[in-house]
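1. quick one, structure for this:
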Amino acid sequence: MECVFATWSPVIGDPTLTGWITVVAYLTAAYLAAEVFRVQSGRQRIFWLGLSICLLLLAINKQLDLQSALTTAGRCLAKAQGWYEERHAFQIKFILAIIATNTVVAASLGWAMRREFVFIWPALLGLVGLLAFIAIRAAGFHHFDQFIGFEIGGMRMNGILELGGIALIAANAVHLLLLKRRTRG
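-> Residues are numbered from 1 along each chain as shown. All right, here's what the predicted structure looks like:
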């Protein structure tokens, strides 16, 4: 822990305009998910409540940059145990484990929500994409860091991937809220 706090401290993780826009996007999507929770019933209601809470936590994490603490802890552990020079093999295994875990989580949620899947698949895809993106970024894999630093039209791939996942969730929520409004009125 001494090593971690010597090189990491809780500060605003992304004080850029894109960083703050991303926080607002997370909070907006969390609000929309909470609204869907409020108007839905059954399993969809539970799904959207969990999603709302998850998005709120991700908004907090966006600016506290807790995944950087995880990266720092991994680096400190690797140095302390003497395998820092071979960290790339561990990072690849970690990324593969993240992909496998996300696949299992998505398949499990898809199965549990199979009757409602047609209504939630964009949000599920957005959530799985966000969680994979954040976890892989936390692995600190140099090639992935280069990829997310790539710019398209003045916007880094980092923002495109993160905002894209959030947008899928928000669009799904808006769609369901509009469907609910039409069936009531």
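
2. tell me where this protein has strands.
-> Secondary structure of the chain (DSSP state E): strands located at 151-152, 155-156.

3. okay, those in a markdown table with mean neighbour count, mean pLDDT and distance to Val105 next?
-> Backbone N, C-alpha and C define where each C-beta goes, glycine included. Formatted as a markdown table, these follow (neighbours: other CB atoms under 10 Å; pLDDT from 0 to 100; distance: least, CB to CB, whole Å):
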| stretch | mean neighbour count | mean pLDDT | distance to Val105 |
| --- | --- | --- | --- |
| strand 151-152 | 10 | 74 | 29 |
| strand 155-156 | 13 | 71 | 27 |
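
4. can I get those strands in CSV with distance to Gly129?
-> Shown next, in CSV, are these (distance: least, CB to CB, whole Å):
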stretch, distance to Gly129
strand 151-152, 17
strand 155-156, 16
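
5. Phe94: which of those strands is closest?
-> strand 155-156 (22.7 Å; CB to CB).

6. just to revisit the earlier point, between the strands of the chain, which one is closest to Gly50.
-> strand 155-156 (29.1 Å).

7. strands paired with the closest one, and their directions?
-> Within its sheet, and counting by DSSP bridges, strand 155-156 is paired with strand 151-152 (antiparallel).
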